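[1] Sharing a model prediction with you, sequence too.
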Amino acid sequence: MMTGGLSSTTMGVMPKRVPRRFRKTPQNDLRAIVDETIGLAQRLVWVADQLHGKHALRPAQRGILRGLVRYGAQTVPELARTRSVRRQSIQPVVDELVAAGYVVRQANTAHARSALFAITPAGEAIVTRMDRTDQRVLAAAGAGLDAKAIATTAETLRALRTRFETNLRWRAVVDE
């Protein structure tokens, strides 16, 4: 893709191959949910790059912008905690968004050394555009799916995620 003389690679968006399909696992196995979730996550990243990569934003940048719109101003440690990554991984992404004019640094009255970062109108416009596109794509992809099955799937995935967020559930069975 060329934009103003810059290729998508020089703009920070790496072209990606379509993710490969997973081999089938037994349907009654919890592994099937994990495998399908991983496959879906990889496919969704690829689709999102096709839809939103033209804006030269990487997935982490898009995620931070969306988080700031949905949950308001946050510190870098808060942004990192919600993604289960180190603060040092998020700081350069936030710095890039500030430099691009999509995020602004604000004083934090609750903590002198940890600034708040908030979305700017330019950043909010990008999120609005991405959300509109996503809504159309999700409606097309979900056409014909049973609403009750969707609700059950979301509930099951939420319960499984919660169990992995609770270390006591799975750490006790790990061989040391």
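    Noted; the coordinates are in hand.
[2] now residue 37, nearest residue through space, not along the chain?
    Once flanking residues are discounted, residue 37 sits nearest to residue 157: 6.8 Å by C-beta to C-beta, 6 or more residues apart in numbering. Using the backbone N, CA and C atoms, a C-beta is placed for each residue, glycine as well.
[3] likewise residue 134?
    Nearest to residue 134 is residue 51, by C-beta to C-beta, 6+ apart, at 7.3 Å.
[4] Need phi/psi at that neighbour.
    phi -80, psi -40 (degrees, to the nearest 10).
[5] The residue nearest to residue 37 belongs to a strand?
    No: read with DSSP: H, G, I helix; E, B strand; the rest coil, residue 157 is helix and lies in no strand.
[6] And it, how far from residue 30?
    Distance, residue 157 to residue 30, by C-beta to C-beta, to the nearest Å: 12 Å.
[7] okay, which residue is most central for this protein?
    residue 63 (4.4 Å; C-alpha atoms, centre = their mean).
[8] can you pull out the strands in the protein?
    2-3, 6-7, 74-75, 103-106, 116-119 (DSSP state E).
[9] what's the distance between the closest residue to residue 120 other than its chain neighbours and residue 87?
    Of all residues not flanking residue 120 in the chain, residue 104 sits nearest, at 5.3 Å (C-beta to C-beta, 6+ apart). Taking C-beta to C-beta as the measure, residue 104 falls 19 Å from residue 87.
[10] for residue 135, same thing?
    When residue 135 is compared with residue 87 (using C-beta to C-beta), they lie 32 Å apart.
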